[in-house]
Structures are given as structure tokens and as C-alpha cells.
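>>> Please work out how this folds:
(chains A and B)
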Amino acid sequence: MLVYLDNSATTRVRNEVLKEIIDVNENYYGNPSSLHRMGLMAEKKIEEARKSAAKLIGAKAEEIYFTGGGTESNNIAIFGHLSNLNRDDSIITTKIEHPSVYNVFKHLEGKCRVKYLDTDENGKISIEELSALVDERTRLVSIMHVNNEIGTVQDINEIGAAIKDKNKNTRFHVDGVQSYGKIKIDVQKTPLDTMAFSSHKIHGPKGVGSLYIRHSIKLAPLVYGGGQERGMRSGTENTSGIIGFGKACDLLYEGFDREVKKLYDLKDLYMKRLKEEIDDIRFNNPRDGAPHIINVSFKNVPGEVLVHYLEGKDIYVSTGSACSSKARDNRILEAIKLGHEYREGAIRISLGYFNTFDEVEYVIDNIKQAVKDIRSITKRG
Amino acid sequence: MYNIAAVSFGELFLKGKNRGSFEQRLTDQIKYALKDFNGVTVYKDSGKVYVETKNHEDMDQIIERVRKIFGISNISPSVKTGKDVDAIIDKTLELFAYLLEKKDIKTFKVKTNRTDKTFPIKSMDFNALVGGKILEKFRSVKVDVHNPDVEIYIDIKKSCYISSERIKSLGGLPVGSNGRALLLLSGGIDSPVAGYMIAKRGVEIDALYFHTYPFTSERANEKVLKLKEKLEEYCGKMKLHSVNMLEVHKAIREFCREEETTILARRFMMRIAEKIAVENKMDMLITGESLGQVASQTMKSMVVIEEAIAMPVLKPLVGLDKTEIIKIAKEIGTYETSILPYDDCCSVFAPAHPLINPRLENIKRSESKLNIPDLIEKVLATREIM
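Residues are numbered from 1 along each chain as shown, chains lettered A, B, ... in the order given. A predicted model of the protein is given here:
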């Protein structure tokens, strides 16, 4: 039995999406910028996809820009917000951001004042602390909606309100890659300016994502060229990727409540069964975390070793931390102040549309056996 | 410009009676190294091997590949012509014009080597004839027989070969001319360098890799495979044996003292390597050890580790500093792969305080708690050959 439990890394493309991608490649391969009918047909398909992507988050179609993926969306947004950056300007993010935000802020350290917010042991930032940091020179705050490793959900409504309350000109960007399709998002009701999404986390194809830009805002592009995506992302459109992405959005929109409930139920079941079957275990995902992420540590079990044991049983999970003490430590698990004996042993089980209840016992049995085996080796006698 | 490369052998074995078989071996190795190129012919003409290509633009890459074969002293990119005097002069002028474009030449010299004595003009006379034509056509240059900016060699054999530069090769002896040995290849910086150095002395090598999957990643395997492929550019085709040491580590952990882990595991590696070497008709082992580099590489440790086997162990890096080893690793192109982050042995098995002064009696006493033949058999059962 193959059980794929690494859906926060990427997901399997849904069959309906795959059909759409093939159809586009066979029948709608014209360049959307071409003057002729083939071009027009491709353009129309892309505009349909834009509506689908917009509908899922309560945006207007013209507020959606297709990009090359989540990383690109985050980069376009952050750099776009910060044109004409001044040395005295300040920008704020958290210590638990995805590298596509975190490393952009690191890069900007020499160019302005950069602040990183701490989190509590659940991965949550303090809104008071953030509010105290925002002043008249604060240009941008960038905060992830759902953390990719431990599933913490930040209250972006309250955060946005707190930021705008201190400085209405401070821009608020949200990395929505991990919350997409897992938590209801309504950009109309959330005081944010831009939000980044990725297709391959919601069973769409890789290499495509989107950026929501509030209609009242203009950003400077990163790439110049033919002016596609209204100048925000030049380069011939990834037609089949975009249209596949649109299809994935439609499917998600239709089944949203049902699918999310299934994820929560699966998550609860996995956590309950793990707790019942294995001793010396600690869950690092917060109680009120995202529906699809379980982060669990087994004492004396290096996460990396467990990943390799489980791949032998065709079960695929992931680890952010490395087995070797020499290797880089895990920034996120450090931020939530997880003890060393557990930090080394963390694995992430992330759920998706294709996971079933039938898989649970197979996975539990094998994790139980693997943990027992590994502990018999790692325990110094 | 160049359509052929003249390959000269190292001098060391030129006089031996094995010359014929060495030449044949080198020719085969050149052919193997160039198997990805189309339109290449390799042949011998009085003492040198020639690599001719229909695609002149491949020449730089061809030389780059051939340069890595041991036993070659230098390579001359050349122009091949027939032995018609006018044709030779035309081609020489053409080559000279090409050289002038590439660098600043004020003086030159022509040197003819007439292996084919039926060629109608004697070497000295031909030097003068061709030199005169060059002076006539290129007014800016002069002859200087002692210290010229450029020397034009005209080699008259079955065909005529015109060249101006000799690209120094790695030297050494042709791989396979000096026996066979098994290299203990880890994913680190040292062992590929050790393999390179011994192969350079004409030794044909295969490699053996120890892992502890699932305590190590399959990516560590891929890394070692990459290192093997890199080494093959120099050593020719190699076999890579890969075995899983997990059972040995489990047993050591269960029955022995933590600080002895490294020494005990290394002794097992030696035994396993010896077995595989004997089975493959190899006479020695090669390791990348350098004296004093890590705990298992103190003199005392080396003595205790090697006591486990009868087969001699070559340690070409034993007297080199890490910086010297890194320098060679960079030159031969293994460094970038070696520093990828995937470890070949999980830190779980690395003792916090390894022994640096192990005593053989103690180690043997610990080993008496282990079923050595059974463990070796278990490890060998995991062997994969890549």
C-alpha cells in the first residue's frame, strides 16, 4: 500500500485536473497573446481560470495575477511593495516564515531595518508585540497564514486590523500557500493587501501560482518583458498550468467544507491512534492548527531515520530537521522552543485529498514498528 | 582549425617489452573515454596515438577528456595533411595565421621531424623552405631558433601532422598496467583523492561503499555514485560495491562499549573489503586515511584496525594535510560532490568520545562477544553492485 503523507511539500494532481492539462496541450496550445483565434481561445481559458482562482478567495478576477508559483508570488509581492526603499524604513516578518519570505527579508537586511517577530510555543506571534513595532516608517509586514511545518494558524484578520490601526499606509502581505484550500479565506473581509498562493499544494500542477493584489494597490514588477499578466509577470503564460490550476480551484470550491472536514477527522484519528500506540511522543502542532498538518516527535528517534524506515514501507512523510547534529538546526522548531531530544525526532505528516481512513492502521502499525526498531538501536544500553 | 590530436605516451614504460600491450590498453582507454563523440577515429602512427575527428569544434572537449587518461605525457592539437609539399606549406601558413590571431607572435621556428625517410626533402632543408614561406607571407615576424614565441612542428610519418603546442597531461602509468586494488570509497573528500592517486600509478580500481540505510539517506548513495562516475574519467570503468553495515552497528551497540564503536566498525569494514577484494582478484586495499586527521586515523588506531586483515592497505594520503588533499580534490573535480551534505554514516553511530589510543587486547575482548563470520555474511548479503 502506497501512502503519501507529504501533502504540505506537494500534492498529487487530481485526475480531472490532469485531463484538463492534456486537453489544453492538445487543443488550446496557441499563445494567448497571438492575434488569431487560437490565441483568443487560449486567452479565454486563462480568464476562466482567473475567475476560478478569484472565486475561491472572494477576490475579483482582475485582482488575481498568475505567477510561476508560491515563491515567485512572495517575491513579487515583497519586492513590489518595497520599491524606493529607504534605509530608515522598517519591515517586519516572523521567525517562522517559509524561506521564500524569510530569505527575502534576510536579503533586505542591509537595505533597511528588518525585524523578526518571536512566537510562543504554539508558533503564534503576539499581536501586541507586532502592534508596538509598527510605526510611521513601517513599510511592510509579511506574515504567513499557516506555518508549513507545524500548522500554526495566525489570525490574519486581527493582525491586519492591528497593523492598519497603527499605520494605514503599512502594507500587509500574507503567505497563503499552506492555508490555501484548508482554511476559508475571504480577502474582501481581511485587511490585507497581497496574498500568495501555489497550485501544487491544492492538487494542481507544479510551476504555477497566483498573487492576489488588492485592486487599489499598484506594485512594481520584478521581471520586464512582453507585459503579460498586466505587466506583473512578463513571459508567455503557462497556459496548461494556469488552466489546470483553475480546475483545481473549481474542484476545491465545490467540495470545500466536505474536504476540510475529512482532513480534520483524519488528523484527529492519526493523533489519537499515535498517542494510544506509542510512548514518549510529543505533538508539536498546536491544538487549533491547520487541518492537514501533524508534527510529531518520538523521543530517541531521529526524524530522518524514521523517514527512511517508512519509505521502505511505501509510506512517505517528511522531516524538517536533520539527523546529524552538524547539520543545520530547524529554525521553526527552535522558534517554538522545542527541547533538543524532541527537536531531532520530529516528523511531519501532512494530509491531502487522496488520503483515506483505510490507510490509518497501516501507517500506525508501521510507525509503531519502526519507532520500536529505531529505539532499540539508539538507546544506549 | 585542428582536426587531429597527437597523443604522446609517458616515458616511463616506453622502453619496456610491454610497450605493445600498454599502447593497446591506452588506445582502448582513449576510445572508451571518447565513446560519446561521433566521427572520431583512433589509430597509431609510429610511436604516437592519433585521435582524428570529423567535427573540429569537438577538439577542445576531446583533448579535455584524453588529458585525464593516465600514462599520457602530452597532447598536441594538430592539423593532418597528405605529404604533398605544397599542401603541407598551405596548411602550415593557415595554422600560422590562426596562431597569430590568437596571440602576439614576434618570433618563430620551424622544426621538421622526418620519420618517413622517403619524403624527398631533408628536415633541415624543409625547415628553411617552410620558414621562408612564413616570412614571405607574414611580414611582422622573424625567425629565432633559440627562444621563439612559437614553434611549428612538422611531423612527417604515414601522414603529415603540423602542430605548435604541447598540452601537458597528467602523466602516470596506464590504468591496468600495475595490478588491481579495492578502494574504500566514502562520500567524503579524501577517499576519491586516494583512489585517483593510486590509479595514477597504473592500478585498476573498483570501489566499495559502506552505508547504514535507513540511518542514512539514499541520496548518500547517489552522491557516491557521482563520485565514482567522476573517478571513472581518470580510472576507466569501475565497479561500485555497496553494502549495508547496519547489522554490525546494531551488534556493536548491543554488546560493546560506545567509545570502541569506530575502531570495531572499521575492523569489520576491513574484513569485508578484504573478502570482496580477494573474490575479485585484487591484491590490495586503498583508503583515504591521513595520519592524525580523525580519531580512527591515529597511528595506534591504524595499527589496531589493520590488524584485522592480512591484505596490505595503501594509504596514499597518509602524509598530506587536509588543505593539500582539498587542493587535489578540487583539481580532479570531486570536491564539489564530496561536500554535499549527505553523510554516509549517521551520527547516531558516532561515539561522543572515540578512542584514540585503542589497545588491541581490549578490542579483541570486545570482538569475542560478537559472531564475526555471521555478521560479515549478513553484511555481504546486502551487497549491490553498481
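>>> would you list every one of the helices in chain A?
Here chain A has its helices, by DSSP state H, at A:15-27, A:37-56, A:70-81, A:99-108, A:127-133, A:156-166, A:239-277, A:303-311, A:331-335, A:340-343, A:359-378.
>>> Give me the distance from the first one to the chain's centre.
Yep, that's helix A:15-27 we're talking about. 25 Å (Cα atoms, centre = their mean, to the nearest Å).
>>> buried stuff in it?
By neighbour count on 16 or more other Cβ atoms under 10 Å in any protein chain shown, the buried set for helix A:15-27 is A:17, A:20-21, A:24. Quick note: C-beta positions are derived from backbone N, CA and C, even for glycine.
>>> hang on, the earlier thing: chain B is nearest to which of the helices of chain A?
helix A:303-311 (3.2 Å; Cβ to the nearest Cβ).
>>> Mind listing what's buried along that closest one?
A:303-310.
>>> Most remote residue from the middle of chain B, which is it?
Here chain B reaches farthest from its C-alpha mean at B:E136, the gap being 45.6 Å by Cα atoms, centre = their mean.
>>> Tell me how far it lies from B:D374.
Separation of B:E136 from B:D374 (Cβ to Cβ, to the nearest Å) stands at 84 Å.
>>> And for B:V79?
In terms of Cβ to Cβ, B:V79 sits 66 Å off from B:D374.
>>> And the pLDDT for the closest residue to chain B within the stretch 151-300 of chain A?
In the stretch 151-300 of chain A, the residue that lies nearest chain B is A:N300 (9.6 Å; Cβ to the nearest Cβ). Predicted confidence (pLDDT) for A:N300: 87.
>>> What of A:R230?
A:R230 is assigned 95 on the pLDDT scale.
>>> Would you check that my belief about it contacting A:I64 is correct?
No: at 10.5 Å, A:R230 does not count as touching A:I64 under the criterion of Cβ atoms under 8 Å.
>>> neighbour count winner among those two?
For A:R230 versus A:I64, neighbours defined as other Cβ atoms under 10 Å in any protein chain shown are more numerous around A:I64 (25 against 10).
>>> what bridges to that one?
A:I64 has these beta-bridge partners by DSSP bridges: A:Y212.
>>> surely it meets A:K55?
No: at 9.7 Å, A:I64 does not count as touching A:K55 under the criterion of Cβ under 8 Å.
>>> Pick the most deeply packed of the helices of chain A.
helix A:70-81 (a mean of 25; mean count of other Cβ atoms under 10 Å in any protein chain shown).
>>> With just CA atoms, put that one into CSV.
Taking Å, rounded to 0.1, in the frame of the first residue of the first chain, the C-alpha atoms of helix A:70-81 are listed here in CSV:
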residue,chain,number,x,y,z
GLY,A,70,4.4,30.4,-4.4
THR,A,71,8.0,31.5,-4.1
GLU,A,72,7.6,33.8,-7.1
SER,A,73,4.4,35.3,-5.7
ASN,A,74,6.0,36.1,-2.4
ASN,A,75,9.0,37.7,-4.1
ILE,A,76,6.9,39.7,-6.5
ALA,A,77,4.8,41.0,-3.6
ILE,A,78,7.6,41.8,-1.1
PHE,A,79,9.9,43.5,-3.7
GLY,A,80,6.9,45.1,-5.3
HIS,A,81,5.7,46.7,-2.1
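>>> Could you measure from B:G333 over to chain A?
24 Å (Cβ to the nearest Cβ, to the nearest Å).
>>> ok, and the closest non-adjacent residue to that residue?
Spatial nearest neighbour of B:G333, excluding adjacent residues (Cβ to Cβ, 6 or more residues apart in numbering or on different chains): B:K230 at 5.7 Å.
>>> What are the buried residues along the lowest-mean-pLDDT helix or strand in chain B?
Least confident helix or strand, chain B: helix B:19-33 with a mean of 85, by mean pLDDT, DSSP states H and E. Buried residues in helix B:19-33, counted by 16+ other Cβ under 10 Å: B:22-23, B:25-27, B:29-30, B:33.
>>> next structured bit after it?
Sequence-wise, the next helix or strand downstream of helix B:19-33 (DSSP states H and E) is strand B:40-45.
>>> which outside residues touch that next one?
Residues outside strand B:40-45 that contact it (Cβ atoms under 8 Å, 6 or more residues apart in numbering or on different chains): B:23, B:27, B:30-31, B:34, B:49-54, B:58, B:62, B:157-159.
>>> Is B:R257 in contact with B:S366, as I believe?
Yes: B:R257 is within contact range of B:S366, at 6.7 Å (criterion: Cβ under 8 Å).
>>> neighbour-wise, which of these two wins?
Higher neighbour count among B:R257 and B:S366: B:S366, with 18 against 13, using other Cβ under 10 Å.
>>> what helix or strand does the more buried one sit in?
Applying DSSP H and E, one finds B:S366 within helix B:360-367.
>>> Please list the residues outside the helix or strand just after that helix that contact it.
Next along the chain after helix B:360-367, taking DSSP H and E as the criterion, comes helix B:372-381. Residues outside helix B:372-381 that contact it (Cβ under 8 Å, 6+ apart) are B:243-245, B:247-248, B:251, B:268, B:271-272, B:275-276.
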